[in-house]
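S.K.: with the sequence up front, the predicted model follows.
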Amino acid sequence: VLSLFYCLTPIADSLGLTAQSFVPGIHSQSKYSPHRPEAIRQTTANFYKAGAIFSAAMVGAVATIPVFSKFFTSDPSVVGMVNSVAPFLAVFFASHGVFSASEGVLLGQKDLVFLGKSYAAFFAVVPALMLQVKRAALSGTRAVDLTSVWGVFVCYQLFRSVMWGLRLLQLQRRVDSDSEAALWG
């Protein structure tokens, strides 16, 4: 499962790297440029569209896991575990293209303080959640399996995706108001 994850992740990561190349030039235009807000809005929308296409391709690849998993092992319990994680991978990759695009646009706009604080918080929160899963598994009080671990990871991905999208909306509003103020003022 992890090998499949690592094979598919770079597909959308390249989108984030591309955004980091294009966005700084657009974002660094003069505040007085009347075209700047629309250029940033359109660039973000285009990266979101590309992210959605990348996500669809990755989800399509994940959809083949139940068909092909039996060719990698003859152990039915391993096939069952891999197939049980496939829906979690599908949800993860359904958001990964847009997430990578968002992160690239945020990095291109040099929103490093926000990203740094976010990842510092995640550095503490995500391992704490994973340790709770480990404790539950060790205590035997509830059924914990591979899907429990991937469930935490998917929640982390979805939370980041929503958070990055909201931050981009906030930054776009700021660019719009700065441009309007420069225009009138």
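M.R.: Thanks, I have the structure now.
S.K.: from here on, contacts and neighbour counts on C-alpha atoms
M.R.: Fine.
S.K.: tell me how far residue 116 lies from residue 87.
M.R.: Note on residue 116: its distance to residue 87, by C-alpha to C-alpha, to the nearest Å, is 30 Å.
S.K.: those two: which has the busier surroundings?
M.R.: For residue 116 versus residue 87, the count of surrounding residues by other C-alpha atoms under 10 Å is larger for residue 87: 18 against 11.
S.K.: which element is the more buried one on?
M.R.: Under DSSP states H and E, the secondary-structure element containing residue 87 is helix 76-108.
S.K.: what's the following helix or strand after that helix?
M.R.: Once helix 76-108 ends, the next helix or strand along the chain (criterion: DSSP H and E) is helix 112-139.
S.K.: so how far is the helix or strand just after that following helix off the chain centroid?
M.R.: Remark: after helix 112-139, the chain's next helix or strand is helix 146-184, criterion DSSP H and E. Computed by C-alpha atoms, centre = their mean, to the nearest Å, the separation of helix 146-184 from the middle of its chain amounts to 10 Å.
S.K.: and the angle from helix 146-184 to helix 76-108?
M.R.: When axes from the mean of the first three to the mean of the last three C-alpha atoms, to 10 degrees is applied, the directions of helix 146-184 and helix 76-108 differ by 10 degrees.
S.K.: tally up the residues packed near the residue lying closest to residue 106 once chain neighbours are set aside, please.
M.R.: With C-alpha to C-alpha, 6 or more residues apart in numbering as the measure, residue 168 is the residue that lies nearest to residue 106, at 7.1 Å, once sequence neighbours are left out. Other residues near residue 168 come to 20 when the count uses other C-alpha under 10 Å.
S.K.: cool, and residue 40?
M.R.: Other residues near residue 40 come to 22 when the count uses other C-alpha under 10 Å.
S.K.: residue contacts, it?
M.R.: Neighbour list for residue 40: 23, 26-27, 172 [criterion: C-alpha atoms under 8 Å, 6 or more residues apart in numbering].
S.K.: so how far is residue 172 from it?
M.R.: As judged by C-alpha to C-alpha, residue 40 and residue 172 stand 8 Å apart.
S.K.: pretty sure residue 154 is touching residue 88, no?
M.R.: Yes: between residue 154 and residue 88 there is a contact under C-alpha atoms under 8 Å: 6.6 Å.
S.K.: quickly list what's touching both of the two.
M.R.: When contacts are counted by C-alpha under 8 Å, 6+ apart, residue 154 and residue 88 have no shared neighbour.
S.K.: what's the mean pLDDT across the helix or strand containing residue 45?
M.R.: Taking DSSP H and E as the criterion, the element that holds residue 45 is helix 36-63. Along helix 36-63, the predicted confidence averages to a pLDDT of 96.
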